[in-house]
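Peer 1: Mind looking at a prediction? Sequence and model below.
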Amino acid sequence: MDPLPLSSWQRVLVLAVHPDDESLGAGGLIQQAVARGATVQVIVVTDGDNNPWPQRFIERHWHLDSGARARWGARRRAEATAALACLGVASENVSFWHFPDQGLTPLLVGGGESVIARLCTVIDAWKPTLLVAPSIHDLHPDHSALAVLLELALARQVTAKIRPFAILQYVVHSRGGDAPGEHLQIALSPEQVERKRQAILCHATQMALSRRRFLAFAQPSEVFLTGPTSVPGDSSHPILAADFSDGFLCLQAKDLPSRGTLYLAAETPAGSVRHSLSLEGVPERFARGDEAQAHRVLRRGHDELLLPTPLFAPAKSLFAKIVSRPPRFGLYDRTSWCEIPLARPSVPSEIESYQSGAGPRVCCVIPCYNLAGICGPIVRAAANFADHVIAVDDGSTDATERVLAAVAEESGGRVQVLTFPSNRGKGIALLEAFRVAARSGPFDVVVTLDGDGQHRPEDIPRLAQALVAGRCTLVIGERLARVKMPFRSRLGNTLTAAVMKFLHPAAPTDTQSGLRAFAPEFIREIVATIEGGRYETELEILLLALNRRRRIGSVPIPTVYLDGNRLSHFRPLIDSWRIYRTLLRRQFNPLFRPPAKAIHVGNGKLDLQGLDSGRL
């Protein structure tokens, strides 16, 4: 029986990473497809222009500028076109995408949207019946990165669960032995082996230094991987398994280097997620605690990396790669990317109760400033736990406005975006969103959530329920007392909490948390009393509640600090000075004392008909 039945109605799409991979990895398969009348389309993703040693050897020039690289890339494209003609593929069925040679991993880590979108487009438009692509187990970083980018693109397809095509994966760079997984071996006739050899010889630029290695691919058979990219029990990669436990993403690892970087990538319903973690900055723990920062747990014979990364929670699988330092001499990776299926606990009861409509009506406010890389998944996730989300672009200079606009467009009216032409400060962003919430209501609860990933959107129902059940005016998400905060956050929070406890013994322990739930009547007081500014506005709101003797509650929460909280725009000196100036000034302000007459709000729902853009 033919191991690969091909016929005239089939459409074969071949993805080559560099010019020459089409011949090395699939030269025999391409011949068989053409011979049986199948339509073959070949896409060469890079120009192979970052190939300095063969170019220096052939051209006898040491310095290679951009012009030299462009010339070399054009030469390699011509070689690929000639090789494919030798294999029976016409030039009109060959496309070159010109992505950077040796640059696909940085593209993937940075999001990879340009490659993913293009892969989605060509698969949707061309509708292949067989897709031939590089394997994730290939040790060339471009090859494994393209394999991951392809998987992320396929995860977006409507037919992702039942793919209407088969996928064969080829390995060009390895250390010998078979890659893990199921294999398909295709026998080649002597004529096909010779034609593949002639196609390889068309790549003259590579013959100068790698002739023997390249011609070794002209064998009587070609071998492809056919199974999923995730291989159960694969012990060749440092990351062995992953699951969710106690609010952490737990990665089980072995032989983890003390110096290096962990890269993670996933495609979730909330969007693309990428994360990197320097392994040098991860502290070691000997027992799992409630620390809400990344840490390592040393267990029998292996490590566990615990990452407080709620952004990965909706993902079905995770792609991981570890890059050691100092870098290995040479081009190839020590280990490539790997795919890890994610085991997860049952759906939390608060999610079920919210989605069933049993909870209070919630409006969530999320201020964002230069958070294009993370605000999209945060806002999407918040929309799963709130009836309405108001995201404020506070004059961002990056792509935050575009990201938020895309989220709002796909939300069906659930997400609303406010945009400031220039940066006005977090406090003003919050107050403007409060005014808009009043016009969009009524709501039972308004929750504020930072857009930099410090807070988990799934904690929104907990704060809302605590506010309603405790009949509170304000509920603060209180970060765990033993959390290992970055120094600038820990110093400011400790000093402010100490001063607040001295002036107001009833003050909560965490005075700076941005995750808060507000009663609608207190929103009215805030907008009528506070002008708004920057980070000091949140302290003003707390002082208003304390001085007017409002009921304040708290809910313990973990807090996520991504890469040492580098996404925060808090300036330790200037913003701390603003906070302490506000603390002293508001302490003796009569407007912050209990009003002579209580404010009545009908049935307790937020319904502020008299609000305009400036005041109540």
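Peer 2: Okay, I see it. Numbering: from 1, shown residues only.
Peer 1: can you tell me the helix or strand for Val365?
Peer 2: strand 362-368 (DSSP states H and E).
Peer 1: Which strands border that strand, and is each parallel or antiparallel?
Peer 2: If you go by DSSP bridges, strand 362-368 pairs up with strand 388-394 (parallel), strand 445-448 (parallel).
Peer 1: a markdown table for the ones you listed, including distance to Ser95?
Peer 2: In this view, the C-beta of every residue, glycine as well, is placed from N, C-alpha and C. What follows is those, written out as a markdown table (distance: least, C-beta to C-beta, whole Å):
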| stretch | distance to Ser95 |
| --- | --- |
| strand 388-394 | 37 |
| strand 445-448 | 48 |
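Peer 1: Tabulate the ones you listed (CSV), appending mean neighbour count.
Peer 2: Output for those, formatted as CSV (neighbours: other C-beta atoms under 10 Å):
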stretch, mean neighbour count
strand 388-394, 27
strand 445-448, 28
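Peer 1: what would those strands look like in JSON lines with mean pLDDT and distance to Gln198?
Peer 2: JSON lines is the format used below for the strands paired with strand 362-368 (pLDDT from 0 to 100; distance: least, C-beta to C-beta, whole Å):
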{"stretch": "strand 388-394", "mean pLDDT": "96", "distance to Gln198": "58"}
{"stretch": "strand 445-448", "mean pLDDT": "97", "distance to Gln198": "67"}
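Peer 1: what about those strands, which gets the closest to Cys375?
Peer 2: strand 388-394 (7.2 Å; C-beta to C-beta).
Peer 1: Report the central residue of the chain.
Peer 2: Val273 (1.4 Å; C-alpha atoms, centre = their mean).
Peer 1: What's opposite it in the beta bridge?
Peer 2: In beta-bridge terms (that is, DSSP bridges), Val273 pairs with Ala266.
Peer 1: so how far is Leu139 from it?
Peer 2: 25 Å (C-beta to C-beta, to the nearest Å).
Peer 1: Can you show me the helices along the stretch 301-450 of the chain?
Peer 2: For the stretch 301-450 of the chain, helices defined by DSSP state H, counting those that start in this stretch occupy the ranges 349-355, 375-383, 400-410, 426-440.
Peer 1: most packed of the ones you listed?
Peer 2: Scoring the helices of the stretch 301-450 of the chain by mean neighbour count under mean count of other C-beta atoms under 10 Å gives helix 375-383 as the most buried, with a mean of 26.
Peer 1: relative orientation of that one and strand 388-394 in degrees?
Peer 2: Helix 375-383 and strand 388-394 are oriented at 160 degrees to each other (axes from the mean of the first three to the mean of the last three C-alpha atoms, to 10 degrees).
Peer 1: Quick one: list the elements packing against helix 375-383.
Peer 2: Packing partners of helix 375-383 (3 or more C-beta pairs under 8 Å, 6 or more residues apart in numbering; DSSP states H and E): strand 271-278, strand 362-368, strand 388-394, helix 400-410, strand 415-420.
Peer 1: That helix: how far from the chain's middle?
Peer 2: Offset of helix 375-383 from its chain centre (C-alpha atoms, centre = their mean, to the nearest Å): 12 Å.
Peer 1: the inter-axis angle of it versus strand 415-420?
Peer 2: Computed by the same axes, to 10 degrees, the angle between helix 375-383 and strand 415-420 is 130 degrees.
Peer 1: any chance of the helices of the stretch 301-450 of the chain in JSON lines, plus mean pLDDT and distance to Gly27?
Peer 2: Shown next, in JSON lines, are the helices of the stretch 301-450 of the chain (pLDDT from 0 to 100; distance: least, C-beta to C-beta, whole Å):
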{"stretch": "helix 349-355", "mean pLDDT": "47", "distance to Gly27": "51"}
{"stretch": "helix 375-383", "mean pLDDT": "88", "distance to Gly27": "41"}
{"stretch": "helix 400-410", "mean pLDDT": "92", "distance to Gly27": "41"}
{"stretch": "helix 426-440", "mean pLDDT": "92", "distance to Gly27": "58"}
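Peer 1: Lowest mean pLDDT among the helices and strands, pick that one out for this structure.
Peer 2: helix 349-355 (a mean of 47; mean pLDDT, DSSP states H and E).
Peer 1: Nearest to Phe217, out of the strands paired with strand 362-368?
Peer 2: strand 388-394 (52.0 Å).
Peer 1: and the angle from that closest one to helix 426-440?
Peer 2: 150 degrees.
Peer 1: Outside of strand 388-394 itself, which residues are in contact with it?
Peer 2: 362-369, 375, 379, 382-383, 400-401, 404, 407-408, 411, 414-420, 423-426, 428-430, 432-433, 436-437, 440, 443, 451 (C-beta atoms under 8 Å, 6 or more residues apart in numbering).
Peer 1: repeat for stretch 199-209
Peer 2: Residues lying outside stretch 199-209 but in contact with it, judged by C-beta under 8 Å, 6+ apart, are 19-20, 23-24, 27, 51, 53-55, 57-58, 72, 75-76, 79-80, 82-84, 86-87, 214-215, 217-218.
Peer 1: What about these, which are in strands?
Peer 2: Using DSSP state E, no member of the contacts of stretch 199-209 sits in strands.
Peer 1: Pull out the buried members of those.
Peer 2: The neighbour count (16 or more other C-beta atoms under 10 Å) marks 19-20, 23-24, 27, 51, 54-55, 72, 75-76, 79-80, 82-84, 86-87, 214, 217-218 as buried among the contacts of stretch 199-209.
Peer 1: Mark which of those are part of helices, please.
Peer 2: Taking DSSP state H, the ones among those that sit in helices are 23-24, 27, 54-55, 72, 75-76, 79-80, 82-84, 86-87, 214.
Peer 1: what's the most distant pair in these?
Peer 2: Longest span within these, C-beta to C-beta: Gln55 and Leu87, 25.0 Å.
Peer 1: Surely Asp224 is within a strand?
Peer 2: Actually, residue 224 is Phe. It isn't Asp. Yes. Membership of Phe224 in a strand is supported by DSSP: H, G, I helix; E, B strand; the rest coil.
Peer 1: beta partners of it?
Peer 2: Residues in beta-bridge contact with Phe224 (DSSP bridges): Leu184.
Peer 1: so how far is Gln185 from it?
Peer 2: On the measure of C-beta to C-beta, Phe224 and Gln185 end up 8 Å apart.
Peer 1: In terms of pLDDT, where does Arg479 sit?
Peer 2: pLDDT, Arg479: 75.
Peer 1: Quickly list what it is bridged to.
Peer 2: Beta-bridge partners recorded for Arg479 (DSSP bridges): Ile557.
Peer 1: wait, isn't it in contact with Ile557?
Peer 2: Yes. Between Arg479 and Ile557 there is a contact at 6.2 Å, judged by C-beta atoms under 8 Å.
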